[in-house]
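>>> Dropping the sequence and predicted coords here.
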Amino acid sequence: MARSMHGRGRSVTSVLGGGTNLVGVARLLVVVPSETDPPARLGEWLRAAGLELDERHLGLGEELPATLDGIDGLLVLGGPQSSMDDDATSPELVGVRLLLRQALDADLPTLAICLGAQLLARVGGGRTRVGVDGPEVGATLVAKRDAADKDPVFGPLPLSPDVLQWHHDEISELPTGATLLASNPHYPHQAYRIGAHVYALQFHIETTPEMVRAWAESDPVGVGASPLDIETLCARAAAAHDDLTEIWQPFAGRFAHLVGLRAGSPA
């Protein structure tokens, strides 16, 4: 089975800030559906927070595990595929859906981003569709919902955090029982939680300016949906990345804390 292990994390006691009972390293499975959206800065933040990242790059032919046994958390990133693709169109997503189903059933600490968030919505019984108002691209803001204030991962975020958008499809209906955590006027389902530990972001927090530039240059339809020309769009996105780091690196640390707690829980 192909496997890319990137970086060794600290022990769980280090993640949780002390203690005397070393139980090993908290392991995060990172599913990369496309090389256009690697974990990038988010991966760096999670490693700095103490996690060991087991990256599976599906576009490079790396295989997914059949189960989440021995895994303490799951990260599913984005890509140009659609959550509505059938198995023949995007066979690489079959295993992703199966792992997301397992994560939901186990309430495993999970972070699903963009395509990942859309796949999670459908796996959980929600709906996605081509965005009725067209693509949403570039640096923008979302607004926390009241329910986010009591959430251990979302609660400390500012009221309107900076984010980076790049999606053509939308989550039109959340799974039954999901908690909406962030919204905006363009598309309402920007962030949500299922259960206690499974999180999804329609937007991106992992990007670099170079990634955004590559997306813009390969997506004239997306850029055309923006009121900005490509140079202005990319410049504004690049300028937002310091704010993204300030806001979302601590968020990544709080998510890593959940993964660490899972690793330290009794079998």
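Ah, there it is. Numbers count the residues shown, from 1 in each chain.
>>> Name the SS class of residue 29, please.
Assigned with DSSP: H, G, I helix; E, B strand; the rest coil, residue 29 falls in the strand class.
>>> so it makes contact with residue 69?
No - using CB atoms under 8 Å as the test, residue 29 is too far from residue 69 to be in contact (10.8 Å). C-beta coordinates here come from the backbone N, C-alpha and C atoms, glycine included.
>>> Comparing those two, which residue is more hemmed in?
Applying other CB atoms under 10 Å to residue 29 and residue 69 shows that residue 29 carries more neighbours, namely 22 against 7.
>>> Which residue, neighbours along the chain excluded, lies closest to that one?
residue 71 (4.7 Å; CB to CB, 6 or more residues apart in numbering).
>>> gap between the one you found and residue 52?
10 Å (CB to CB, to the nearest Å).
>>> ok, now residue 132?
41 Å.
>>> Mind checking which of the two has more residues around it?
Each of residue 132 and residue 52 has its neighbours counted (other CB under 10 Å); residue 52 has more, 20 against 8.
>>> what does the model give the more buried one for pLDDT?
pLDDT recorded at residue 52 is 98.
>>> I'd say it and residue 43 touch.
No - assessed by CB under 8 Å, residue 52 is found out of contact with residue 43, at 11.2 Å.
>>> which stretches of the stretch 1-150 of the chain have low pLDDT?
1-24 (pLDDT under 70).
>>> Mind listing the shared neighbours of residue 71 and residue 52?
27, 28 (CB atoms under 8 Å, 6 or more residues apart in numbering).
>>> What is the burial count for residue 86?
Neighbours of residue 86 using other CB under 10 Å come to 10.
>>> What of the one 3 residues further on?
Applying other CB under 10 Å, we find 10 residues neighbouring residue 89.
>>> helix/strand/coil for it?
Quick answer, by three-state DSSP: residue 89 is coil.
>>> Distance of it relative to residue 98?
Taking CB to CB, one finds residue 89 at 17 Å from residue 98.
>>> With residue 186 instead?
For residue 186, the distance to residue 98 - CB to CB - is 31 Å.
>>> Repeat that for residue 91.
With CB to CB as the criterion, residue 91 and residue 98 are 12 Å apart.
>>> And these two? Which one has more around it.
Shown here are residue 91 and residue 98; by other CB under 10 Å, residue 98 has more neighbours (15 against 11).
>>> how far away is that one from residue 74?
12 Å.
>>> Phi first, then psi, for the residue nearest the centre of the chain.
Residue closest to the mean C-alpha point of the chain, counted by CA atoms, centre = their mean, is residue 113 at 2.7 Å. According to degrees, to the nearest 10, the main-chain angles of residue 113 amount to phi -120, psi 130.
>>> Remind me what whatever helix or strand residue 104 lives in packs against, helices and strands.
Element membership of residue 104, judged by DSSP states H and E, is helix 93-106. Under the contact definition 3 or more CB pairs under 8 Å, 6 or more residues apart in numbering; DSSP states H and E, helix 93-106 sits against strand 27-32, strand 73-76, strand 110-113, helix 115-123.
>>> Mind putting those into CSV with distance to residue 224?
Output for these, formatted as CSV (distance: least, CB to CB, whole Å):
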stretch, distance to residue 224
strand 27-32, 27
strand 73-76, 28
strand 110-113, 24
helix 115-123, 21
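>>> Among these, which comes closest to residue 203?
Smallest distance to residue 203 across the helices and strands packed on helix 93-106 (CB to CB): 7.8 Å, for strand 110-113.
>>> Pairing partners for the closest one, with directions?
In the sheet, strand 110-113 lines up against strand 73-76 (parallel), strand 198-201 (parallel) (DSSP bridges).
>>> And for residue 152, the neighbour number?
Neighbours around residue 152, by other CB under 10 Å: 12.
>>> got a list of what it touches?
254, 258.
>>> Tell me which stretches of the stretch 101-250 of the chain form helices.
With DSSP state H, counting those that start in this stretch as the criterion, the stretch 101-250 of the chain has helices at 115-123, 209-218, 220-224, 230-264.
>>> Take those and lay them out in JSON lines including distance to residue 36 and mean neighbour count.
Compiled in JSON lines, those are given as follows (distance: least, CB to CB, whole Å; neighbours: other CB atoms under 10 Å):
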{"stretch": "helix 115-123", "distance to residue 36": "10", "mean neighbour count": "26"}
{"stretch": "helix 209-218", "distance to residue 36": "7", "mean neighbour count": "17"}
{"stretch": "helix 220-224", "distance to residue 36": "12", "mean neighbour count": "14"}
{"stretch": "helix 230-264", "distance to residue 36": "15", "mean neighbour count": "19"}
